[in-house]
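J.: missing the sequence, but the structure's below:
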């Protein structure tokens, strides 16, 4: 069973990547949809108890944010995988400007998120770590990481 944790600032491609790679196989856990940590924890618990693969599609910017999911997933015997969405803040800002309604976030929130970002490492207890970037043609470029990625 897989527990997948996304890490990246807003508009870095996380939800689109989920739709392309995991929609058919993994439950999506997302605070924008669930609205409260209590609901998030209920869905997480159901996935763990039901042995259902899941993706945590939040920004998960800090080690502490990611630690909400790592120990319970590992204790339940899940393989914990992190995808770090590496993006230029200006490119994310431009993608964000094209969003409609509540999907768009204030520029200050996006750039503030970049400042708070703690790059994930295998030392957090992850089994696998990948870097994801969006190419010029919009395709996702995925790279396996064995060491901490550098910010661009």
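T.: Structure received. Nothing here was measured: the structure is a model prediction, and the numbers come from that model.
J.: Which residue ranges of the chain form strands?
T.: 2-7, 27-29, 54-56, 79-85, 128-134, 140-145 (DSSP state E).
J.: Paired strands for the first one, with orientation please.
T.: This points to strand 2-7. Its sheet considered, strand 2-7 pairs with strand 54-56 (parallel), strand 79-85 (parallel) by DSSP bridges.
J.: coming back round to it: export the strands of the chain to a markdown table and tack on mean neighbour count and mean pLDDT?
T.: For the C-beta atoms, the positions are set from N, CA and C on the backbone; glycine is no exception. Compiled in a markdown table, those are given as follows (neighbours: other C-beta atoms under 10 Å; pLDDT from 0 to 100):
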| stretch | mean neighbour count | mean pLDDT |
| --- | --- | --- |
| strand 2-7 | 25 | 98 |
| strand 27-29 | 19 | 98 |
| strand 54-56 | 26 | 98 |
| strand 79-85 | 22 | 98 |
| strand 128-134 | 19 | 96 |
| strand 140-145 | 12 | 95 |
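J.: Dump these to CSV, plus distance to residue 20.
T.: Shown next, in CSV, are these (distance: least, C-beta to C-beta, whole Å):
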stretch, distance to residue 20
strand 2-7, 13
strand 27-29, 13
strand 54-56, 12
strand 79-85, 12
strand 128-134, 11
strand 140-145, 7
